[in-house]
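1. make a model of this:
(one chain, ligands or ions: 2)
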Amino acid sequence: MGEKPKVAICWLGACGGCDEAIVDLNEGLLDVAEAVSIEFWPVAMDYKYDHLAAFGKGEIAVGLVSGHVRNSEHAEVAHLLRDRCKLVIALGACACFGGTPALANLVSREEILDAVYVKAPSVVNPDGRLPQVETAWEEEILRLPAFFDHVYALNQVIEVDYYLPGCPPPSELIRNGVRAVLTDDLPPKGSTLAPRKALCETCPRNKTKPMRLEIHGPIRRIHEVEADPEMCFLAEGILCMGPATRSGCGETCIRSNTPCRGCFGPVPGVSDPGSRFISSLAALLKVGTTGDPEAVMASLGDPVGYLYRFTHPVSTLGARRLSQATEETP
Ligand code: SF4
Ligand code: SF4
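-> Ligands and ions are numbered 1, 2, ... in the order given. Modelled structure (predicted):
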(Lines give C-alpha, C1' and ligand atoms only; values in the text may rest on other atoms or scores of the structure.)
(Ligands and ions follow the chains in the order given, each with its own letter.)
Protein backbone atom coordinates (compact mmCIF):
# COMPACT_ATOMS: atom_id res chain seq x y z
CA MET A 1 0.00 0.00 0.00
CA GLY A 2 1.38 3.42 -0.97
CA GLU A 3 1.98 6.27 1.40
CA LYS A 4 -1.16 7.97 2.69
CA PRO A 5 -1.84 11.52 1.42
CA LYS A 6 -0.59 14.09 3.91
CA VAL A 7 -3.08 16.62 5.31
CA ALA A 8 -2.53 19.87 7.20
CA ILE A 9 -5.37 21.49 9.18
CA CYS A 10 -4.69 25.02 10.32
CA TRP A 11 -6.49 28.01 11.81
CA LEU A 12 -5.63 31.63 11.23
CA GLY A 13 -7.98 34.28 12.71
CA ALA A 14 -10.53 31.71 13.83
CA CYS A 15 -12.67 30.83 16.85
CA GLY A 16 -11.97 27.09 16.61
CA GLY A 17 -15.56 26.28 15.57
CA CYS A 18 -14.39 24.99 12.19
CA ASP A 19 -11.93 22.62 13.89
CA GLU A 20 -14.77 21.57 16.18
CA ALA A 21 -16.81 20.70 13.08
CA ILE A 22 -14.00 18.32 12.05
CA VAL A 23 -14.05 16.74 15.51
CA ASP A 24 -17.83 16.43 15.13
CA LEU A 25 -17.23 13.84 12.43
CA ASN A 26 -17.14 11.61 15.54
CA GLU A 27 -16.24 8.04 14.57
CA GLY A 28 -16.04 9.27 10.94
CA LEU A 29 -12.80 10.94 12.02
CA LEU A 30 -11.33 7.43 12.38
CA ASP A 31 -12.12 6.78 8.70
CA VAL A 32 -10.40 10.06 7.77
CA ALA A 33 -7.39 9.18 9.95
CA GLU A 34 -7.30 5.76 8.24
CA ALA A 35 -7.30 7.29 4.76
CA VAL A 36 -4.89 10.20 5.31
CA SER A 37 -1.93 11.11 7.45
CA ILE A 38 -2.69 14.26 9.49
CA GLU A 39 0.68 16.00 9.63
CA PHE A 40 -0.25 19.35 11.17
CA TRP A 41 -3.23 20.33 13.34
CA PRO A 42 -2.27 22.83 16.03
CA VAL A 43 -5.75 22.85 17.60
CA ALA A 44 -5.57 19.13 18.28
CA MET A 45 -1.89 18.61 19.08
CA ASP A 46 1.23 20.54 19.96
CA TYR A 47 2.57 21.25 16.47
CA LYS A 48 4.94 24.18 15.84
CA TYR A 49 5.24 26.18 12.62
CA ASP A 50 8.75 24.68 12.15
CA HIS A 51 7.06 21.33 11.72
CA LEU A 52 5.08 22.68 8.77
CA ALA A 53 8.08 24.51 7.33
CA ALA A 54 10.10 21.25 7.30
CA PHE A 55 7.91 19.83 4.48
CA GLY A 56 8.93 20.33 0.88
CA LYS A 57 7.05 22.44 -1.64
CA GLY A 58 3.68 20.78 -2.42
CA GLU A 59 4.56 17.75 -0.26
CA ILE A 60 1.29 17.99 1.68
CA ALA A 61 -1.65 16.85 -0.46
CA VAL A 62 -4.26 19.15 1.05
CA GLY A 63 -4.42 22.00 3.54
CA LEU A 64 -7.74 22.78 5.25
CA VAL A 65 -7.43 26.39 6.39
CA SER A 66 -9.98 28.13 8.61
CA GLY A 67 -10.05 31.77 9.70
CA HIS A 68 -9.41 35.17 8.17
CA VAL A 69 -6.11 37.05 7.84
CA ARG A 70 -5.82 39.97 10.29
CA ASN A 71 -2.16 40.08 11.23
CA SER A 72 1.31 39.32 9.92
CA GLU A 73 1.42 35.91 11.63
CA HIS A 74 -1.77 34.82 9.85
CA ALA A 75 -0.33 36.03 6.53
CA GLU A 76 3.02 34.29 7.07
CA VAL A 77 1.35 30.97 7.93
CA ALA A 78 -1.07 31.30 4.98
CA HIS A 79 1.86 31.73 2.56
CA LEU A 80 3.70 28.80 4.15
CA LEU A 81 0.65 26.57 3.81
CA ARG A 82 0.22 27.63 0.18
CA ASP A 83 3.79 26.63 -0.56
CA ARG A 84 3.71 23.28 1.24
CA CYS A 85 0.20 22.14 0.18
CA LYS A 86 -0.76 20.97 -3.28
CA LEU A 87 -4.39 21.96 -2.67
CA VAL A 88 -5.66 24.62 -0.30
CA ILE A 89 -9.28 24.47 0.84
CA ALA A 90 -10.76 27.52 2.59
CA LEU A 91 -12.73 26.03 5.48
CA GLY A 92 -15.60 28.08 6.90
CA ALA A 93 -17.06 31.52 6.34
CA CYS A 94 -14.06 33.38 7.83
CA ALA A 95 -11.60 31.81 5.38
CA CYS A 96 -14.05 31.90 2.44
CA PHE A 97 -15.35 35.47 2.83
CA GLY A 98 -13.86 37.08 5.97
CA GLY A 99 -16.69 35.98 8.27
CA THR A 100 -18.22 37.90 11.17
CA PRO A 101 -14.85 39.20 12.49
CA ALA A 102 -14.47 41.10 9.23
CA LEU A 103 -17.22 43.50 10.32
CA ALA A 104 -14.27 45.08 12.13
CA ASN A 105 -13.50 46.58 8.72
CA LEU A 106 -16.21 49.12 9.51
CA VAL A 107 -13.75 50.86 11.82
CA SER A 108 -10.05 51.62 11.53
CA ARG A 109 -7.14 49.81 13.18
CA GLU A 110 -6.53 52.91 15.32
CA GLU A 111 -10.12 52.95 16.58
CA ILE A 112 -9.90 49.26 17.51
CA LEU A 113 -6.60 49.65 19.39
CA ASP A 114 -7.92 52.73 21.16
CA ALA A 115 -11.14 50.99 22.21
CA VAL A 116 -9.35 47.85 23.45
CA TYR A 117 -6.21 49.26 25.08
CA VAL A 118 -7.24 52.76 26.17
CA LYS A 119 -10.99 53.32 26.42
CA ALA A 120 -12.29 49.95 27.63
CA PRO A 121 -13.80 50.50 31.13
CA SER A 122 -11.66 47.72 32.62
CA VAL A 123 -8.38 49.17 31.26
CA VAL A 124 -6.06 51.50 33.22
CA ASN A 125 -3.63 52.93 30.69
CA PRO A 126 -3.09 56.65 31.44
CA ASP A 127 -0.16 56.92 28.99
CA GLY A 128 -2.22 55.37 26.19
CA ARG A 129 0.45 52.75 25.45
CA LEU A 130 -0.34 50.40 22.59
CA PRO A 131 1.18 47.00 21.73
CA GLN A 132 4.36 47.37 19.65
CA VAL A 133 5.67 44.99 17.00
CA GLU A 134 9.10 45.12 18.67
CA THR A 135 9.88 45.87 22.32
CA ALA A 136 13.35 45.84 23.87
CA TRP A 137 13.25 43.91 27.15
CA GLU A 138 16.46 43.42 29.10
CA GLU A 139 18.83 41.79 26.58
CA GLU A 140 16.10 40.71 24.21
CA ILE A 141 13.79 42.05 21.52
CA LEU A 142 10.22 40.80 22.07
CA ARG A 143 8.11 40.56 18.93
CA LEU A 144 4.36 40.58 18.29
CA PRO A 145 2.62 40.09 14.94
CA ALA A 146 1.75 43.35 13.17
CA PHE A 147 -1.98 44.11 13.39
CA PHE A 148 -3.25 44.89 9.88
CA ASP A 149 -5.60 47.72 8.99
CA HIS A 150 -7.96 45.30 7.25
CA VAL A 151 -9.46 41.84 7.70
CA TYR A 152 -8.81 39.72 4.59
CA ALA A 153 -10.53 36.61 3.26
CA LEU A 154 -7.99 33.85 2.54
CA ASN A 155 -8.16 34.25 -1.25
CA GLN A 156 -7.19 37.93 -0.87
CA VAL A 157 -3.84 36.73 0.46
CA ILE A 158 -3.09 33.38 -1.22
CA GLU A 159 -4.56 31.36 -4.07
CA VAL A 160 -7.38 29.11 -2.85
CA ASP A 161 -8.31 25.94 -4.75
CA TYR A 162 -11.69 25.09 -3.18
CA TYR A 163 -14.18 26.52 -0.70
CA LEU A 164 -16.15 24.81 2.07
CA PRO A 165 -18.40 27.56 3.49
CA GLY A 166 -20.50 27.75 6.67
CA CYS A 167 -20.09 29.02 10.20
CA PRO A 168 -18.99 26.38 10.86
CA PRO A 169 -19.29 24.12 7.79
CA PRO A 170 -21.42 21.06 8.57
CA SER A 171 -19.29 17.97 9.29
CA GLU A 172 -20.97 16.10 6.44
CA LEU A 173 -19.86 18.77 3.97
CA ILE A 174 -16.29 18.45 5.25
CA ARG A 175 -16.42 14.67 4.95
CA ASN A 176 -17.70 14.91 1.36
CA GLY A 177 -15.05 17.51 0.52
CA VAL A 178 -12.23 15.33 1.85
CA ARG A 179 -13.69 12.33 0.01
CA ALA A 180 -13.81 14.30 -3.25
CA VAL A 181 -10.12 15.20 -2.82
CA LEU A 182 -9.12 11.60 -2.01
CA THR A 183 -11.01 10.14 -4.97
CA ASP A 184 -9.92 12.95 -7.27
CA ASP A 185 -13.59 13.64 -7.97
CA LEU A 186 -13.27 17.40 -7.86
CA PRO A 187 -15.12 20.13 -9.77
CA PRO A 188 -13.09 22.84 -11.55
CA LYS A 189 -10.58 24.70 -9.44
CA GLY A 190 -12.09 27.65 -7.60
CA SER A 191 -15.42 25.83 -7.00
CA THR A 192 -17.37 25.81 -3.79
CA LEU A 193 -17.86 22.23 -2.58
CA ALA A 194 -21.54 22.78 -1.74
CA PRO A 195 -24.82 22.70 -3.69
CA ARG A 196 -25.43 25.47 -6.22
CA LYS A 197 -29.09 26.06 -5.18
CA ALA A 198 -30.34 28.88 -2.98
CA LEU A 199 -31.32 27.93 0.57
CA CYS A 200 -35.01 28.70 -0.12
CA GLU A 201 -35.06 25.75 -2.52
CA THR A 202 -34.16 23.25 0.20
CA CYS A 203 -35.80 25.02 3.14
CA PRO A 204 -38.51 23.01 4.96
CA ARG A 205 -40.59 26.24 5.23
CA ASN A 206 -40.53 26.85 1.48
CA LYS A 207 -44.11 25.53 1.15
CA THR A 208 -45.32 28.47 3.24
CA LYS A 209 -43.44 31.04 1.16
CA PRO A 210 -46.09 32.79 -0.95
CA MET A 211 -45.60 32.98 -4.71
CA ARG A 212 -46.03 36.74 -4.42
CA LEU A 213 -44.18 37.71 -1.29
CA GLU A 214 -44.95 41.17 0.10
CA ILE A 215 -43.70 42.92 3.23
CA HIS A 216 -46.12 45.59 4.40
CA GLY A 217 -44.86 46.91 7.68
CA PRO A 218 -41.56 47.43 9.46
CA ILE A 219 -39.06 44.60 9.04
CA ARG A 220 -39.21 42.51 12.16
CA ARG A 221 -36.14 41.12 13.88
CA ILE A 222 -36.15 37.66 15.35
CA HIS A 223 -35.56 38.78 18.95
CA GLU A 224 -38.58 41.12 18.77
CA VAL A 225 -41.20 38.51 17.85
CA GLU A 226 -42.26 34.98 18.53
CA ALA A 227 -41.79 33.42 15.12
CA ASP A 228 -44.18 30.74 13.90
CA PRO A 229 -42.05 27.55 13.81
CA GLU A 230 -43.60 26.42 10.50
CA MET A 231 -43.88 29.67 8.56
CA CYS A 232 -41.44 31.20 6.06
CA PHE A 233 -39.67 34.00 7.95
CA LEU A 234 -39.95 36.49 5.11
CA ALA A 235 -43.70 35.83 4.88
CA GLU A 236 -43.85 36.91 8.54
CA GLY A 237 -41.89 40.07 7.74
CA ILE A 238 -38.75 38.72 9.47
CA LEU A 239 -35.46 39.19 7.66
CA CYS A 240 -34.12 35.90 6.27
CA MET A 241 -31.16 35.73 3.88
CA GLY A 242 -32.30 32.39 2.37
CA PRO A 243 -33.15 33.74 -1.12
CA ALA A 244 -29.59 35.07 -1.67
CA THR A 245 -27.65 32.37 0.22
CA ARG A 246 -26.18 29.10 -1.02
CA SER A 247 -27.71 25.93 0.43
CA GLY A 248 -25.81 22.99 1.94
CA CYS A 249 -25.99 23.91 5.61
CA GLY A 250 -28.72 21.37 6.40
CA GLU A 251 -30.97 24.33 7.37
CA THR A 252 -29.75 24.05 10.96
CA CYS A 253 -30.72 27.62 11.89
CA ILE A 254 -34.12 27.44 10.20
CA ARG A 255 -34.88 24.19 12.05
CA SER A 256 -34.06 26.00 15.33
CA ASN A 257 -36.55 28.76 14.42
CA THR A 258 -33.80 31.21 13.50
CA PRO A 259 -33.71 32.91 10.09
CA CYS A 260 -30.77 32.45 7.73
CA ARG A 261 -27.92 34.92 8.27
CA GLY A 262 -26.01 34.01 5.11
CA CYS A 263 -22.97 32.07 6.40
CA PHE A 264 -22.83 29.94 3.23
CA GLY A 265 -22.21 33.03 1.15
CA PRO A 266 -23.90 34.06 -2.07
CA VAL A 267 -25.57 31.80 -4.60
CA PRO A 268 -23.44 31.20 -7.72
CA GLY A 269 -23.31 34.18 -10.06
CA VAL A 270 -23.89 36.74 -7.28
CA SER A 271 -20.77 38.57 -6.24
CA ASP A 272 -22.33 40.91 -3.70
CA PRO A 273 -25.03 39.18 -1.64
CA GLY A 274 -25.92 42.28 0.39
CA SER A 275 -26.79 44.47 -2.57
CA ARG A 276 -28.60 41.58 -4.28
CA PHE A 277 -30.68 41.03 -1.16
CA ILE A 278 -31.44 44.70 -0.60
CA SER A 279 -32.68 45.09 -4.17
CA SER A 280 -35.01 42.08 -3.79
CA LEU A 281 -36.13 43.42 -0.40
CA ALA A 282 -36.96 46.78 -1.95
CA ALA A 283 -39.13 44.95 -4.50
CA LEU A 284 -40.96 43.08 -1.71
CA LEU A 285 -41.72 46.15 0.36
CA LYS A 286 -45.30 47.31 -0.12
CA VAL A 287 -45.62 50.22 2.22
CA GLY A 288 -48.74 51.62 0.51
CA THR A 289 -49.67 55.24 0.18
CA THR A 290 -49.64 55.92 3.90
CA GLY A 291 -46.46 53.99 4.74
CA ASP A 292 -43.05 55.52 5.16
CA PRO A 293 -40.44 53.56 3.14
CA GLU A 294 -37.57 55.15 5.04
CA ALA A 295 -39.04 54.10 8.39
CA VAL A 296 -39.42 50.55 7.06
CA MET A 297 -35.77 50.47 5.95
CA ALA A 298 -34.71 52.00 9.29
CA SER A 299 -36.40 49.09 11.04
CA LEU A 300 -33.59 46.97 9.62
CA GLY A 301 -31.47 48.47 12.39
CA ASP A 302 -27.99 47.50 11.24
CA PRO A 303 -28.10 46.94 7.46
CA VAL A 304 -24.39 46.25 6.99
CA GLY A 305 -24.32 43.92 9.99
CA TYR A 306 -27.31 42.03 8.60
CA LEU A 307 -26.58 41.97 4.91
CA TYR A 308 -22.79 41.61 4.97
CA ARG A 309 -22.44 39.71 8.23
CA PHE A 310 -20.11 37.09 6.72
CA THR A 311 -18.99 38.61 3.45
CA HIS A 312 -17.82 42.19 3.99
CA PRO A 313 -14.20 41.83 2.67
CA VAL A 314 -15.28 40.18 -0.60
CA SER A 315 -18.17 42.59 -1.25
CA THR A 316 -18.20 45.84 -3.20
CA LEU A 317 -18.25 47.71 0.12
CA GLY A 318 -15.23 45.73 1.28
CA ALA A 319 -13.29 46.47 -1.91
CA ARG A 320 -13.93 50.17 -1.35
CA ARG A 321 -12.76 49.95 2.26
CA LEU A 322 -9.65 48.04 1.18
CA SER A 323 -8.77 50.75 -1.31
CA GLN A 324 -8.80 53.23 1.60
CA ALA A 325 -6.90 51.00 4.08
CA THR A 326 -3.36 51.82 5.07
CA GLU A 327 -0.95 50.33 2.58
CA GLU A 328 0.03 46.81 3.64
CA THR A 329 0.94 43.58 1.84
CA PRO A 330 -0.48 40.61 3.69
S1 SF4 B 1 -16.38 30.31 10.17
FE2 SF4 B 1 -17.50 30.50 12.12
S3 SF4 B 1 -16.91 28.63 13.23
FE4 SF4 B 1 -15.36 28.91 11.59
S5 SF4 B 1 -13.72 30.11 12.53
FE6 SF4 B 1 -15.14 31.58 11.59
S7 SF4 B 1 -16.54 32.19 13.26
FE8 SF4 B 1 -15.51 30.29 13.90
S1 SF4 C 1 -36.97 33.04 3.07
FE2 SF4 C 1 -35.99 31.85 4.70
S3 SF4 C 1 -37.68 30.78 5.75
FE4 SF4 C 1 -38.45 31.52 3.77
S5 SF4 C 1 -38.20 29.75 2.41
FE6 SF4 C 1 -36.36 31.07 2.19
S7 SF4 C 1 -34.89 30.21 3.63
FE8 SF4 C 1 -36.90 29.39 4.19
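
2. please count neighbours and contacts with C-alpha atoms only from this point.
-> Noted.

3. quick one: contacts for residue 93?
-> Going by Cα atoms under 8 Å, 6 or more residues apart in numbering, residue 93 touches 67, 99, 165-169, 263-265, 310-311.

4. now with 10 Å, please.
-> Contact analysis of residue 93 by Cα atoms under 10 Å, 6 or more residues apart in numbering lists 14, 18, 66-68, 99-100, 153, 163-169, 262-265, 309-311.

5. just residue 269 next, same as before
-> Counted by Cα under 10 Å, 6+ apart, residue 269 has contacts residue 196.

6. for it, phi and psi?
-> Main-chain torsions, residue 269, degrees, to the nearest 10: phi 90, psi -10.

7. look up how far ligand 1 lies from it.
-> 22 Å (Cα to the nearest ligand atom, to the nearest Å).

8. please renumber so the chain begins at 36
-> Let's use 36 as the start, then, which means that last one is residue 304.

9. show me the contacts of residue 128 that map onto strands.
-> Using DSSP state E, the members of the contacts of residue 128 that fall within strands are 101, 198-199.

10. which one (most neighbours) among those?
-> Ranked by neighbour count (other Cα atoms under 10 Å), the ones in strands among the contacts of residue 128 have residue 101 at the top, with 29 neighbours.

11. give the contact list for that one.
-> Shown in contact with residue 101 (Cα under 10 Å, 6+ apart): 44-54, 124-131, 189, 199-200, 203.

12. per-residue pLDDT, the residue in the stretch 36-185 of the chain that ligand 2 sits nearest to?
-> Residue nearest to ligand 2 within the stretch 36-185 of the chain (Cα to the nearest ligand atom): residue 128, separated by 18.1 Å. For residue 128, the model assigns a pLDDT of 98.

13. now the buried members of the contacts of residue 101.
-> 44-49, 52-54, 124-131, 189, 199-200, 203 (16 or more other Cα atoms under 10 Å).

14. and residue 346, how far from ligand 2?
-> Computed as Cα to the nearest ligand atom, the residue 346 to ligand 2 distance reads 18 Å.

15. next one: residue 206
-> Relative to ligand 2, and taking Cα to the nearest ligand atom, residue 206 is found at 21 Å.

16. got the ones in strands among the contacts of residue 128 as CSV, with pLDDT columns?
-> Putting the ones in strands among the contacts of residue 128 into CSV (pLDDT from 0 to 100) gives the following:
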residue, pLDDT
101, 98
198, 98
199, 98
